[in-house]
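Engineer: A predicted structure for the sequence below; I have some questions about it.
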Amino acid sequence: MQPTTGTAQTPTSGTTLKKRDWPHYLILTLTLAAAAATLFNPSGTTSNLDALLLLLATAGSISSLARTLPLQSVLFAAFITALVGGAAHGLSARTGLPFGPLSFGATSGPQLFNTVPTTVLLLWIIVIFNSRGVARLMLRPWRRVKNYGFLLMGLTTLLALAFDVALEPFARVKHLWLWQPTKISLTWHGASPLSFLGWTFVSLLILAVIMPYLIRKQPGNPSAPDFAPLALWLGAIVLFSVNVAQANLWAAVTVNVVIASVAAIFSWRGAKW
């Protein structure tokens with residue numbers, strides 16, 4: 001079998017990694033602290049904490065990739081991700097496509113062009129970057145196979161879709177957005193199957209554009225497994241679960257537990273390879 005570009009995502013040296021690591025772990029530590037403060041805030045007023053947590057999680061998602069890739073490539077990929085994901089949500093708010101008709105609540109944050117909240121743009125970066133990181137962990141045993149790049153795109157899209165399944169009940173509880181009624185009676189906390197089909201299509205579109213920028217061009221030794229994307233991905237699922245549990249949405253909690261457990265098990269198995 002021939003190695004593919006997927007194997008090129010490696011650090012050039014241990015020294016370079018050490019120089020890049022400390023801001024990354026500082027951001028992750030601050031993210032964990034903000035998450036804990038959000039969950040255990042006794043006053044119940046967490047809007048500022050939510051915003052801080054979202055910003056830190058986005059910064060952590062970017063810094064995780066910047067440890068082994070040029071920062072300008074990572075920032076460009078983040079810009080494209082936010083642009084395409086935000087445009088898709090803005091278009092859906094105006095026309096109902098590709099996700100279905102929806103309106104954004106006041107708690108979703110300030111809106112760009114009175115159409116799409118900045119929260120949505122940051123969410124797309126968190127979802128795509130960390131889903132890709134989790135997929136890389138799962139696929140470590142197959143990182144040298146010929147079709148690794150396509151496997152990575154497919155699994156990343158599946159994980160992004162699973163993330164959206166966990167996100168929708170949370171968004172409903174937090175009043176981030178409201179789905180308008182459609183002719184499709186089957187919904188998941190307001191989101192119709194059209195929403196998940198649209199999420200899949202947009203995720204694939206984003207990945208098709210950004211993947212070339214997330215491949216390290218210089219060859220090197222296989223990098224050590226990076227658990228930061230898994231921590232951010234699972235941390236978001238836990239945050240969603242706690243909030244929907246407080247709203248007594250136990251079916252959603254059960255689904256979240258299954259999603260998180262499957263992702264954790266397969267990531268751990270892949271990382272040991």
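Structural biologist: Structure's in. What do you need? In this text the structure is predicted, and so the values were computed from the model without any measurement.

Engineer: you'd agree I128 is up against S203?
Structural biologist: Yes: proximity of I128 to S203 meets the contact threshold set by CB atoms under 8 Å, at 6.7 Å. For every residue, glycine as well, the C-beta is placed using N, CA and C.

Engineer: give me the common contacts of those two.
Structural biologist: With contacts defined as CB atoms under 8 Å, 6 or more residues apart in numbering, the residues adjacent to both I128 and S203 are T156, A160.

Engineer: now the strands for the stretch 1-150 of the chain?
Structural biologist: Assigned by DSSP state E, counting those that start in this stretch, the stretch 1-150 of the chain shows strands spanning 102-104, 111-112, 116-117.

Engineer: minimum distance to A51: which of those has it?
Structural biologist: Go through the strands of the stretch 1-150 of the chain one by one with CB to CB and the one that ends up closest to A51 is strand 116-117, at 11.0 Å.

Engineer: who touches the closest one?
Structural biologist: Here strand 116-117 has contacts from G86, A87, H89, G90, A93, F104, S108, G109, P110, Q111, L176, using CB under 8 Å, 6+ apart.

Engineer: beyond the one helix or strand F201 maps to, next helix or strand please.
Structural biologist: Here F201 sits within helix 193-210, counting by DSSP states H and E. Scanning forward in sequence from helix 193-210, with DSSP H and E defining helices and strands, the next element found is helix 228-246.

Engineer: after that following helix, heading C-terminal, what element do we hit next?
Structural biologist: Using DSSP H and E, the next helix or strand after helix 228-246 towards the C-terminus is helix 250-271.

Engineer: mean confidence for the helix holding F201?
Structural biologist: Helix 193-210 comes out with an average pLDDT of 97.

Engineer: the inter-axis angle of the helix or strand containing L167 versus helix 228-246?
Structural biologist: Assigned by DSSP H and E, L167 belongs to helix 148-174. Angle of helix 148-174 versus helix 228-246, following axes from the mean of the first three to the mean of the last three CA atoms, to 10 degrees, is 30 degrees.

Engineer: mind listing the helices for the stretch 1-150 of the chain?
Structural biologist: All helices of the stretch 1-150 of the chain, identified by DSSP state H, counting those that start in this stretch, fall at 14-40, 47-66, 71-95, 118-138, 148-174.

Engineer: which of those is buried the deepest?
Structural biologist: Per-residue neighbour counts averaged over each of these give the maximum for helix 118-138, namely a mean of 24 (mean count of other CB atoms under 10 Å).

Engineer: ok so, going back, how about the helix holding F201: buried residues?
Structural biologist: By neighbour count, and taking 16 or more other CB atoms under 10 Å as the criterion, the buried residues in helix 193-210 are L194, S195, F196, G198, W199, T200, V202, S203, L205, I206, L207, I210.

Engineer: show me what contacts the nearest residue to the fourth one once chain neighbours are set aside?
Structural biologist: What sits nearest to G198 in space, not counting adjacent residues and going by CB to CB, 6 or more residues apart in numbering, is P98, at 3.4 Å. Residues in contact with P98, defined by CB under 8 Å, 6+ apart, are A88, L91, S92, L194, L197, G198, F201, V202.

Engineer: where's P98 relative to T157, distance?
Structural biologist: From P98 over to T157 the distance is 14 Å, taken as CB to CB, to the nearest Å.
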